[in-house]
Each structure stands twice: as structure tokens, then as C-alpha cells.
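S.K.: predicted model follows, preceded by the sequence.
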Amino acid sequence: MMKSLQIIKVASVLSLALVLSACTTKVPEDQTDDAMSSAGVTTISGAEDTANTSGLAGNDANLVNGVNNNGYMTEAQKQAQQEQIRQQQRSVFFAFDNTQISDEYIPMLTAHATYLRSHPMVKAVIEGHTDERGTPEYNIALGERRAQVVAQYLQSLGVLSNQLSIISYGEEKPLDRSQTEAAYAKNRRAVITY
């Protein structure tokens, strides 16, 4: 008798799983981004695994940290996140004697570009900085190249050239005056100011 109840429970669970799997539609993986993009939704990978909705009621239970329980962010939530990034992050840091923008700064620069495109009357200054190694003349030129590469990237994202100006401070305004590699790394930067 006990064994037959266990078999019935297992069969019920399997039947329910089959019914539920038949009710869901799976978008092919190569079409997921296109389908979500056309719906005005951005994918946040792993979001559904980290969302905790305990203690939330009503519509709040569907949104945790700007992500709904399907792991997608609405366009309004995406804009709010970009604004937060823009307000908190303004510096692009560079490798020694380098002007290449690292991929880690793309979301931050995209947020600034989105803001500037939607506010065409706003002007931004991009300040180029270096560490203290090198001659003052070389560092001024390197700081200018760093500021210029950031300005060019923002323009490639649709920012108007008349919204941007650049200035190079070279080694004159360090964030950290220590003579360590960590201090030098902090000082090699371009900063977007409004």
C-alpha cells in the first residue's frame, strides 16, 4: 500500500512536469536577444538566480534591484541603471604609456553618451591625466591623447562634437602622490566632468 502511494506521487509529479513543459515556449538561443530587444527588454544574465523576493508585496515582488523575476530589465529600469552608473563613474583608467580604452569602461561610457545625446545642450570636459613618469611635455601630450580617445569614443556613440572639449593636465593633478605602482595606476586616467 505504501509503495503504491509513492508510485502515484512520482507519477503525479512527472505528469505535472510534462504539462508545465508543454505550456512553455522556448525562444531559440540565437533569437533571444533580438526578441527581447524588440520588446524593449534587456537580459541580465544570472539575475533570476540571485533575485530574492521574500517580504515584497504586489508589483514589488516582481522587481528586485531593477530586474523582474524573468531576469529581464525594462527600458525604464535600464535608463535608471545607466543614470546611476553615469553619476557614480566618471574616470577611465589606462595602462602605462597607453591610450586604449579597456572593455570594462564601455558600460560607463555608454551611460554618459546616452545622457549627452538626450541632453544636447549639456557640455562635458574630458580631462587627461598621467602619472609622474616621463617629461612634463610628454605627459601633457599623453594626457591629451587619452582625453581625445574618450571624446572620440563618445562621438562614435552619437554625442555631438560641440558638446565635448578636452584638456590635458599631464602629471599636474595626481589622485595619489605616492610613488608606487598602485598610485601610478590611479593617476593614469581620463575624467568626464560636467
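M.R.: Right, received. Where do you want to start?
S.K.: what segments of this structure are helices?
M.R.: For the chain, helices defined by DSSP state H occupy the ranges 2-23, 29-38, 47-50, 75-88, 106-118, 136-156, 181-187.
S.K.: mean pLDDT lowest where, among those?
M.R.: Note on those: helix 47-50 shows the lowest mean pLDDT, a mean of 30.
S.K.: okay, residue 185 and residue 72: tell me how far apart.
M.R.: Distance of residue 185 to residue 72, given as Cβ to Cβ, to the nearest Å: 36 Å. C-beta here means a position set from N, CA and C on the backbone, and glycine is covered the same way.
S.K.: residue 176 and residue 93, how far apart?
M.R.: From residue 176 across to residue 93, the span is 12 Å (Cβ to Cβ).
S.K.: now do the shared contacts for these two.
M.R.: residue 186 (Cβ atoms under 8 Å, 6 or more residues apart in numbering).
S.K.: between the two, tell me which one has more neighbours.
M.R.: Between residue 176 and residue 93, residue 93 has the larger neighbour count (other Cβ atoms under 10 Å), namely 18 against 13.
S.K.: name the nearest residue to the more buried one, sequence neighbours excluded.
M.R.: Nearest residue to residue 93, sequence neighbours excluded (Cβ to Cβ, 6 or more residues apart in numbering): residue 189, at 4.9 Å.
S.K.: residues in contact with the nearest residue to residue 176 once chain neighbours are set aside?
M.R.: Sequence neighbours aside, residue 183 is the residue nearest to residue 176 in space, at 3.8 Å (criterion: Cβ to Cβ, 6+ apart). Neighbour list for residue 183: 131, 174, 175, 176, 177 [criterion: Cβ under 8 Å, 6+ apart].
S.K.: how close does the last one sit to residue 187?
M.R.: Going back to what we said before, that points to residue 177. The value you get for residue 177 to residue 187, if Cβ to Cβ is used, is 9 Å.
S.K.: swap in the first one?
M.R.: Separation of residue 131 from residue 187 (Cβ to Cβ) stands at 4 Å.
S.K.: one more: the second one?
M.R.: Residue 174 is 4 Å from residue 187, where distance means Cβ to Cβ.
S.K.: what sits in contact with each of those two?
M.R.: Common neighbours of residue 174 and residue 187 (Cβ under 8 Å, 6+ apart) are 129, 131, 132.
S.K.: in strands, which of those residues appear?
M.R.: Taking DSSP state E, the ones among the shared contacts of residue 174 and residue 187 that sit in strands are residue 129.
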